[in-house]
Every structure is written in C-alpha cells, then in structure tokens.
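Chemist: what's the 3D shape of this:
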Amino acid sequence: MAEVIIVKSQEEAGEIYAYAVAEAIKANPRLVLGLATGSTPHTAYQALAARVKDENIDVSHVQGFALDEYVGLDPSHPESYHSVIRREVIEPVGLNPDLIHVPNGAVESLRHAGADYDAAIEAAGGVDIQILGVGTDGHIGFNEPGSSLASPTRMKTLTEQTRIDNARFFDGDLDQVPTHCITQGVGTIMKARHLVLLAFGSAKADAVAASIEGPITAMCPASALQMHPHATFIIDEAAAEKLQYAQYYAWVAKNKPEWQKL
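Modeler: Residues are numbered from 1 along each chain as shown. Take a look at the predicted model:
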C-alpha cells in the first residue's frame, strides 16, 4: 500500500517534499529528479529552493527530467514546459540548466523523441524522486484515462477537459492550447525509485480516492501507484475527504518509526 500523508496545507506538503529531496541530495549530490509542472508542485519547489539556500546545499550536479511537453509549441513560449521548468524550478532552486531535460516536442522528431527521452533517463541512472500531480480524471503526466499502465514516453492527444483546464495558462483562450503532447508514460514514471504525488482541494477528492483505494485500472492512471514499492501521497484534508481509511492513514503517519524515512 502506498504511504498516505494528510496535511493541513500546501505549504506543509511542500516542506515534506523539500526535506526529502534535500536529504537525498546531501546523500547523493548527483541525484536525478523527476519534475512536474502546473500549480500543484509550486509550493514544493518554493520550499526546496528555500531549503537549498538556507542549508547551502550544492545542487550543481543534480539532474532533472520533466514529465512532459506540448507538441509544436516553441520552447521559448512562456507556457512551454521548457520555459515553466526554467522559471519555476531551475532558477529558484539554482540547478544547472545543462543538466535539466524536457521532452522534445518538435513535430519533425516525434517518431523517435519518446524513445530518445527514455534512453536519456536510463543513461542518467533513472529517476530517484519523481514529483507528480493528479488530474481530476486521475491522469498523471499527460497520461489520460485509458493510457496503458506499461506505456513508455510517447505522443498523446489531450482530452478536451485537460485543454479546458489548461486554458487558464493561455489567457483563457482554448484555441491557443495545443491538442497534443509528448509525455513520460505510466511505465516510464513507475521506474522512478520514489514517487511523490501531491493533491490539494476537494476537486481532487474523487481522483485521490480512486488512485489510493480504487481498483488498479488504466481508466485511472494514478491507480498504478498502488503497485509501486515506494509511493507517497501527500494530500490536504479536502483532497482526502472521500478516502474510506483516512483515519487509519493519519494514524500510520503519526506512529511512523523514526528510522523510516519518507
């Protein structure tokens, strides 16, 4: 069973993530991070940046691999994930931009871009800690419902709901939101050594319940985390409101042994 930590706020969740990553970097200065975008991980990255600065942690050798990128969107576009990762992770945390990778969304290279990206992750030694958000329909990365749980990095067609959800990043103009993306597959994501999924707000409650307590199914890609040997859900009380065993998860977290790290 995945570990479930129920917190009071996004800031508390961010501090838990930041502590885990900071300690991992101290132990392995060449740590490989899996990086997600969107509003969910923002406070986690802020907390990590603050901890790196306060503790003077050397992050110059840390590598990173983004989950996804839009197809056909110029990397210089402010809402490309190349730009978002640079703005929200590389610059605040102080990472070496030469060591941070984002899938290649150029149309002309799509036939082999996914295989190239998976090969690059493997060459780096694999992802050590992968941060994730979850969509209201249970998607992780851009693996929409129905995605194979063994899928590699590849091109996907975005659902209309995902495009509507993301229109807020494009001045509310749905026509500007790309229809395709290149995303790490569920199979690729599951190869990371530690998965940390964050979810906040009652709008995520159904997806969280399905991911943690529902059946393992391609119709809820995040449910695959039930099969991972080291998966952690860090969720607020609103996102946890439909969990049948929420009180048990809170009890387990409260009585966690000192030696058992996140």
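Chemist: Contacts for the helix or strand bottoming out on mean pLDDT in the chain, please.
Modeler: Every helix and strand in the chain was compared by mean pLDDT, DSSP states H and E; the lowest is helix 160-166, with a mean of 87. For helix 160-166, the surrounding residues in contact (CB atoms under 8 Å, 6 or more residues apart in numbering) are 135, 136, 137, 139, 142, 144, 158, 174, 177, 179. The way it works is simple: take the backbone N, C-alpha and C, and place the C-beta from them, glycine included.
Chemist: measure the third one to residue 195 for me?
Modeler: From residue 137 across to residue 195, the span is 19 Å (CB to CB, to the nearest Å).
Chemist: which of these two has more neighbours?
Modeler: In this view residue 137 and residue 195 are compared by other CB atoms under 10 Å, and residue 195 has more residues nearby, 25 against 18.
Chemist: and the residue nearest to the more buried one when sequence neighbours are not counted, what does it touch?
Modeler: Nearest residue to residue 195 in three dimensions, chain neighbours excluded: residue 231, at 4.4 Å (CB to CB, 6 or more residues apart in numbering). Neighbouring residues of residue 231 by CB under 8 Å, 6+ apart: 2, 3, 194, 195, 196, 197, 225.
Chemist: count of residues packed around the residue lying closest to residue 55 once chain neighbours are set aside?
Modeler: Once flanking residues are discounted, residue 55 sits nearest to residue 22: 6.5 Å by CB to CB, 6+ apart. Residues lying near residue 22 (other CB under 10 Å) number 20.
Chemist: any weak-confidence spans in the stretch 51-200 of the chain?
Modeler: Under the criterion pLDDT under 70, no range of the stretch 51-200 of the chain is flagged.
Chemist: Next, please give the residue ranges for the strands of this protein.
Modeler: 3-7, 32-35, 63-66, 68-70, 100-101, 129-132, 154-157, 180-183, 194-199, 231-236 (DSSP state E).
Chemist: Same list, the ones you listed, but as a markdown table with distance to residue 117 please.
Modeler: Formatted as a markdown table, the strands of the chain follow (distance: least, CB to CB, whole Å):
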| stretch | distance to residue 117 |
| --- | --- |
| strand 3-7 | 28 |
| strand 32-35 | 12 |
| strand 63-66 | 8 |
| strand 68-70 | 9 |
| strand 100-101 | 7 |
| strand 129-132 | 14 |
| strand 154-157 | 9 |
| strand 180-183 | 8 |
| strand 194-199 | 18 |
| strand 231-236 | 22 |
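Chemist: closest to residue 243 out of these?
Modeler: When the strands of the chain are compared by CB to CB, strand 3-7 sits nearest residue 243, at 7.4 Å.
Chemist: Could you double-check that residue 205 lies in contact with residue 244?
Modeler: No: look at residue 205 against residue 244 with CB atoms under 8 Å: they stay out of range, at 12.0 Å.
Chemist: Looking only at neighbour counts, state which of the two leads.
Modeler: Between residue 205 and residue 244, counting by other CB under 10 Å, residue 205 is the more crowded of the two (19 against 9).
Chemist: Which residue comes closest to that one once chain neighbours are left out?
Modeler: Nearest residue to residue 205, sequence neighbours excluded (CB to CB, 6+ apart): residue 242, at 4.4 Å.
Chemist: The one you found: neighbour count?
Modeler: Residue 242 has 17 nearby residues by other CB under 10 Å.
Chemist: Roughly how far does it sit from residue 223?
Modeler: Distance from residue 242 to residue 223, by CB to CB: 14 Å.
Chemist: Need the mean per-residue confidence for the helix ranked longest in the chain.
Modeler: Longest helix in the chain, counting residues (DSSP state H): helix 10-27. Across helix 10-27, the average pLDDT comes to 98.
Chemist: and the angle for it with strand 231-236?
Modeler: 150 degrees (axes from the mean of the first three to the mean of the last three CA atoms, to 10 degrees).
Chemist: Strand 3-7 and helix 10-27, what's the angle between them?
Modeler: 130 degrees.
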